[in-house]
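Colleague: here is my input, please return the structure:
(one chain, ligands or ions: 2)
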Amino acid sequence: MVKGQKTVYVCQNCGAETAKWLGRCPSCNSWNTLVEEIRSKSKVSKRPDGFSAQPVLISKVAYFGKLRNPTNIKELDQVLGGGIVAGSIILIGGEPGIGKSTLTLQIAAQIENKNKQSVLYVSGEESIEQIKLRSERLGVKNENIYLLAENQLENILAQIEMLKPSLVIIDSIQTVYSDKLISSPGSVGQVRECTAEILRTIKGKGEAGPSVIIVGHITKFGSIAGPKTLEHIVDVVLYFEGDKFGQYRILRATKNRFGSTQEIGIFEMSENGLVGVESPSLLFLSHDHTQTQEKRVGSVVIPTIEGTRPILLEVQALAAPSYYTYPQRVCTGFDARRLAMLLCVLERHCGMNVGNQDIFVNTSGGLKISESGADLGILAAIASTYRNKPIDAKTAVVGEVSLAGEIRPVALTKNRINECVKMGFHALVRPAYNLQDKKDKKIEMFGATTVHQALEILGIV
Ligand SMILES: Nc1ncnc2c1ncn2[C@@H]1O[C@H](COP(=O)(O)OP(=O)(O)OP(=O)(O)O)[C@@H](O)[C@H]1O
Ligand SMILES: [Mg+2]
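Modeller: Ligands and ions are numbered 1, 2, ... in the order given. Sure, this is the predicted structure:
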């Protein structure tokens, strides 16, 4: 504990302060909301180095050297918007065993570093021998990686001062603790204070400071380090998604101060580490559509867009009469409220009595669909299983469905068409309004204005 400082417990709900930790806030009566924070006794808090920032004209701000360091991991660079920005803080979150340590070690090995500065890999979870073992499995060749098995924040910051690395990796923030707080490592107060202290140290140095990658565990509530407070402090937040028992991992940016949050990175976990997937469509199709003539009931391929990248995704639906008072609606990888809307459209505009059916919708490969362009495909899959009529395996379907049963245009059609052609599809059912580039010699295109018309084209009605 530093002299002149004390800690208090602050309710995150109402802001009330107490001297001791309590399970329930005495002011607003909410449970588990008290978090330890530092209070400085002196009225004016001074920075230890006596430095105070001065206003600078925007036109006079100069930065030197290269602002972005490519990591040379293609999928990651795409998500980051071209590489790691100098002096930025990146948070990588994900479930245990998903590959956070693997990715960070690969970054340390691959990062482009013109000045031959070192990388500092701080691990509070593994011994340096264990990291060495992993680095041998991954084939790490970079000689300039320093390993540090340390939990105490002040020591870590002192090592950063001495080594002056270009990149610092902290694996994980939940194992780091500051001496200023009494609470145990991993508590919300510790995680927040440690991240804020790192931020103060790094950002004060500007472009000359190192970039920092912080690994964060996801709590049982699904957020990084409990409340999402960390996400406001850092520059970039990356989440690892996907089934850790499966081979494939998806890296998604939920916040990026230096790039788009639309792009995703798709990796395959192999013995040599995470390998970028060149053709993601192959991943999300359950079989080779170019080889099959088979027609399948309740299965539709949708050319979706993730960022600027088209991915062919197979959606399967199953409908069966329900024996429950409330029919079940279960969907994975798709918004349940959107499903409810599509079912209502089917009922009102296509005359299908799906209200008494249990409906299950699944996307293959664990990819979550976030764009509305997948509506028509999902609707067609449900209609197909309900009517028990198959859909041609080489026909893809795309379009947004409106409440009036009309089909709205979708963005980036050219990319979608090219991907369908590349993967050997013969036909595409798409919004009629989108038919500006109607003619494509390699694929037959059908424009539909209403849901009913689209189902007719597919031979379901
Ligand atoms: N020899 C191997 N061959 C293939 N895959 C492996 C091998 N060894 C480890 N893995 C994969 O690496 C994963 C663990 O990666 P990593 O340690 O980077 O995860 P993590 O996200 O850091 O986990 P934690 O949160 O526990 O630290 C395993 O779940 C497994 O899928
Ligand atoms: Mg790890």
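Colleague: so which residue is dead centre in this structure?
Modeller: Arg252 (2.5 Å; CA atoms, centre = their mean).
Colleague: show me the contacts for that one.
Modeller: Counting by CB atoms under 8 Å, 6 or more residues apart in numbering, Arg252 touches 79, 238-239, 241, 261, 264-265. In this view, the C-beta of every residue, glycine as well, is placed from N, C-alpha and C.
Colleague: gap between it and Arg408?
Modeller: For Arg252, the distance to Arg408 (CB to CB, to the nearest Å) stands at 25 Å.
Colleague: swap in Val429?
Modeller: From Val429 to Arg408 the distance is 14 Å (CB to CB).
Colleague: for Phe360, same thing?
Modeller: Using CB to CB, Phe360 is found at 26 Å from Arg408.
Colleague: now do Gly424
Modeller: For Gly424 relative to Arg408 (CB to CB), the value is 27 Å.
Colleague: for Ile169, give me phi and psi.
Modeller: phi -120, psi 130 (degrees, to the nearest 10).
Colleague: would you point out which residue of the stretch 251-400 of the chain is nearest ligand 1?
Modeller: Residue of the stretch 251-400 of the chain nearest ligand 1, by CB to the nearest ligand atom: Glu271 (3.7 Å).
Colleague: could you check the pLDDT of that residue?
Modeller: On the pLDDT scale, Glu271 is placed at 90.
Colleague: got it, and the one 4 residues further on?
Modeller: According to the prediction, Val275 has pLDDT 92.
Colleague: can you pull the contacts of it?
Modeller: Here Val275 is in contact with 267-268 (CB under 8 Å, 6+ apart).
Colleague: in what helix or strand does it lie?
Modeller: strand 273-276 (DSSP states H and E).
Colleague: before we move on, back to that, Three-state assignment for the residue nearest to the centre of the chain, please.
Modeller: For Arg252, the assignment made with DSSP: H, G, I helix; E, B strand; the rest coil gives strand.
Colleague: beta partners for it?
Modeller: Tyr239, Ile264 (DSSP bridges).
Colleague: in the stretch 251-400 of the chain, which spans are strands?
Modeller: Assigned by DSSP state E, counting those that start in this stretch, the strands in the stretch 251-400 of the chain fall at 264-270, 273-276, 295-297, 299-306, 309-321, 329-332, 357-363, 390-392, 395-397, 400-401.
Colleague: I misspoke; the intended subject was the stretch 51-200 of the chain.
Modeller: 68-69, 84-85, 89-94, 119-123, 145-148, 167-171.
Colleague: could you dump those strands to a markdown table with mean pLDDT, mean neighbour count and distance to Ser279?
Modeller: Shown next, in a markdown table, are the strands of the stretch 51-200 of the chain (pLDDT from 0 to 100; neighbours: other CB atoms under 10 Å; distance: least, CB to CB, whole Å):
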| stretch | mean pLDDT | mean neighbour count | distance to Ser279 |
| --- | --- | --- | --- |
| strand 68-69 | 86 | 20 | 27 |
| strand 84-85 | 90 | 24 | 26 |
| strand 89-94 | 92 | 25 | 24 |
| strand 119-123 | 95 | 25 | 31 |
| strand 145-148 | 94 | 19 | 32 |
| strand 167-171 | 94 | 26 | 30 |
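Colleague: figure out which of the ones you listed is closest to ligand 1.
Modeller: strand 89-94 (5.5 Å).
Colleague: name the helices or strands packed onto that closest one?
Modeller: helix 100-110, helix 188-203, strand 211-217, helix 229-233, strand 236-241 (3 or more CB pairs under 8 Å, 6 or more residues apart in numbering; DSSP states H and E).
Colleague: tell me which of those sits nearest to ligand 1.
Modeller: Minimum separation from ligand 1 across the helices and strands packed on strand 89-94 (CB to the nearest ligand atom) falls at helix 100-110, 3.2 Å.
Colleague: now look at the closest one and say if it contacts ligand 1.
Modeller: Yes. Legend: contact between helix 100-110 and ligand 1 by CB under 6 Å from any ligand atom is shown at 100-102.
Colleague: show me what from the stretch 101-250 of the chain comes close to ligand 1.
Modeller: With the criterion set to CB under 6 Å from any ligand atom, the stretch 101-250 of the chain comes near ligand 1 through 101-102, 125, 137, 217, 244.
Colleague: compare those and tell me which has the most neighbours.
Modeller: Ser101 (21 neighbours; other CB atoms under 10 Å).
Colleague: not counting its neighbours along the chain, what's nearest that one?
Modeller: Asp171 (5.5 Å; CB to CB, 6 or more residues apart in numbering).
Colleague: over to Leu153?
Modeller: That would be Ser178: by CB to CB, 6+ apart, it lies 4.4 Å from Leu153.
Colleague: now do the phi/psi pair for the one you found.
Modeller: Dihedral angles (degrees, to the nearest 10) for Ser178: phi -110, psi 140.
Colleague: please tell me how far it sits from ligand 1.
Modeller: 21 Å (CB to the nearest ligand atom, to the nearest Å).
Colleague: check contacts around that residue.
Modeller: 152-154, 190, 193-194, 197.
Colleague: where exactly do the helices run in the stretch 301-450 of the chain?
Modeller: 336-349, 375-387, 413-422 (DSSP state H, counting those that start in this stretch).
Colleague: CSV please, covering these and showing distance to ligand 1, mean pLDDT and mean neighbour count.
Modeller: As requested, those are exported to CSV (distance: least, CB to the nearest ligand atom, whole Å; pLDDT from 0 to 100; neighbours: other CB atoms under 10 Å):
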stretch, distance to ligand 1, mean pLDDT, mean neighbour count
helix 336-349, 28, 94, 17
helix 375-387, 31, 95, 26
helix 413-422, 29, 88, 19
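Colleague: mind checking which of those is nearest Pro280?
Modeller: Pro280 lies closest to helix 413-422 among the helices of the stretch 301-450 of the chain, at 9.5 Å (CB to CB).
Colleague: mind checking how far the closest one is from the chain centre?
Modeller: A distance of 25 Å separates the centroid of the chain from that of helix 413-422, by CA atoms, centre = their mean, to the nearest Å.
Colleague: swap in stretch 188-199?
Modeller: On CA atoms, centre = their mean, the centre of stretch 188-199 falls 22 Å from the chain's centre.
Colleague: need the contact partners of that stretch.
Modeller: 7, 35-38, 89, 153, 157, 170, 173-174, 176-178, 180-181, 183-184, 212, 214, 216, 225-227, 229-230, 233-234.
Colleague: which of the residues you listed count as buried?
Modeller: Buried by 16 or more other CB atoms under 10 Å: 7, 35-38, 89, 153, 157, 170, 173-174, 176-178, 180-181, 183, 212, 214, 216, 225-227, 229-230, 234, out of the contacts of stretch 188-199.
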